[in-house]
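Q: build the 3D model from these lines:
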Amino acid sequence: MAEIIFDDIGSFPLPAGRSRDWIAGKFSEKKSDRDLFEVINNAFMKKVEAGVEVPTYPQYQDMNEQFLSIIRDPNCTEEPFKVKQSDARIIELEAIEKVAKSYREEHGEKLDVRVCVTGPLELYLKDFGGTEYVDILNLLGESIDRFVKNSLSGAKNFNIRTVSIDEPSIGINPQVMFSDSDLIKAMDIACSSAKGAGCDVEIHLHSPLHYNLACQAENISVIGVESAATPSYLDLIDKKELEESDSYIRVGIARTDIFNLVAVLNDKYNTNVWKETQYFPEIINEMETPEIISKRLSKAYSIFDESIKYAGPDCGLGSWPSQEIAAQLLSNVAKGMAYFRAL
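A: This next block holds a predicted model:
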């Protein structure tokens, strides 16, 4: 049986005492900051310690503005929408170099890391909505590729194992006006450096309705499916199409839709769990246990077997109530995958 790799999607709760406004202000300075880097590094290591095998740096920035704020800046571009290579920086990767170096010195090996970038369509929709300028879509793809290329060349103390293109609007947003061929081309442009470097290139979709676009893209090899909260999503995937296009899937095996999980508890206890926080542990102790997570993976494997390459939580954990409960969910996933591997 091929090894299924445990990765995570990215976002993570802020530590107590740090606000969204504080972190946004730190990122807006676009420079190394000791306090900011400490927050990033501590959260990143919580993922590593929880057992995530290919962790994503904690995503604390708006997924669009992280890239658009640089791409829009005329001082950072060669031409409109085409970022200069030197300015295509992912600050979070610069931050984790320090803890990655300590890990390498202690364990004698480099950490594998997952990089998540916002896809060209998502960035385009943010600024242009339902218009159709294919040349701008492709320029955004080139810019995203430069962020990836910089990340690959700058990584010293860790390996970039996976690069994920985040395209949540595909299959959901009715504003998408581009043809399939235009979307495929733009996605291929955005991840050409990652593919060339031998990374696994993943696309993170919130709906697998048009997953076949990723199958047709030459540079994308892994399709993310949020199947823990919505198991029926797996019914939309044709294993034969995966095999014919040499594609794999990443299955969601732990629910991350915290507001729906809390709603269950609200109904059960007739209260507001966001205020009566003593009920939160029930989510990880009874609802999202290692046993339940393992069963989800076993079910997915019974359908797709070696077409599954990655597994982990459905989506990010940024809306979860604390770092501790988010880390416990990741730990439950690690245990659930260990149970599965022992079968």
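Q: what about the nearest residue to Ile284 once chain neighbours are set aside, is that helix, strand or coil?
A: Spatial nearest neighbour of Ile284, chain neighbours left out: Gln328 (4.7 Å); criterion: CB to CB, 6 or more residues apart in numbering. All C-beta spots, glycine's among them, are computed from the backbone N, C-alpha and C. Three-state call for Gln328 (DSSP: H, G, I helix; E, B strand; the rest coil): helix.
Q: same question, Ile203
A: Strictly by three-state DSSP, Ile203 counts as strand.
Q: tally of neighbours for it?
A: Burial measure for Ile203: 25 neighbouring residues, criterion other CB atoms under 10 Å.
Q: go on, the one 3 residues further on?
A: For His206, the tally of surrounding residues (other CB under 10 Å) stands at 20.
Q: now do the one 5 residues further on
A: If you count neighbours by other CB under 10 Å, Tyr211 ends up with 23.
Q: next, count neighbours for Pro231.
A: Pro231 is flanked by 14 other residues according to other CB under 10 Å.
Q: now do the contacts for it.
A: Arg296, Lys299 (CB atoms under 8 Å, 6 or more residues apart in numbering).
Q: tell me where the stretch 201-343 of the chain has helices.
A: 212-216, 239-244, 258-269, 281-282, 290-304, 323-342 (DSSP state H, counting those that start in this stretch).
Q: residues touching the last one, excluding its own?
A: Translated: helix 323-342. 3-4, 6, 8, 12-15, 43, 46-47, 49-52, 253-254, 256, 280-281, 283-284, 288-294, 296-298, 301, 311-313, 317, 320.
Q: quick one: Glu218 from Cys191, how far?
A: From Glu218 across to Cys191, the span is 10 Å (CB to CB, to the nearest Å).
Q: more neighbours, these two?
A: Neighbour count, other CB under 10 Å: between Glu218 and Cys191, Cys191 has more, with 28 against 15.
Q: was I right to think the more buried one contacts Ile165?
A: Yes. The pair Cys191 and Ile165 qualifies as a contact (CB atoms under 8 Å) at a distance of 5.8 Å.
Q: if we can go back for a sec, and the contacts of helix 323-342, which of them are in strands?
A: Per DSSP state E, strands hold the following members of the contacts of helix 323-342: Phe6, Ile253, Ala254, Ala311, Gly312, Pro313.
Q: identify the residue nearest the first one in space, chain neighbours excluded?
A: In space, and not counting its chain neighbours, Phe6 is closest to Glu53: 4.4 Å by CB to CB, 6+ apart.
Q: I'd say that neighbour and Asp8 touch.
A: No. With contact defined as CB under 8 Å, Glu53 does not reach Asp8; the gap is 9.5 Å.
Q: among the two, which residue is more densely surrounded?
A: Higher neighbour count among Glu53 and Asp8: Asp8, with 28 against 20, using other CB under 10 Å.
Q: so who does Phe158 touch?
A: Taking CB under 8 Å, 6+ apart, one finds Ile96, Glu97, Ala100, Arg104, Lys110, Leu111, Asp112, Val113 in contact with Phe158.
Q: drop anything exposed from the residues you listed.
A: Ile96, Glu97, Ala100, Lys110, Leu111, Asp112, Val113 (16 or more other CB atoms under 10 Å).
Q: surely the second one and Ser151 touch.
A: So the one you mean is Glu97. No. With contacts counted by CB under 8 Å, Glu97 stays clear of Ser151, the gap being 11.4 Å.
Q: sorry, back to before: ok, which pair from the contacts of Phe158 is furthest apart?
A: Using CB to CB, the contacts of Phe158 span at most 14.7 Å, a distance reached by Glu97 and Asp112.
Q: looking at this protein, which helix or strand is least sure?
A: None of the helices or strands of the chain scores lower by mean pLDDT, DSSP states H and E than helix 20-28, at a mean of 93.
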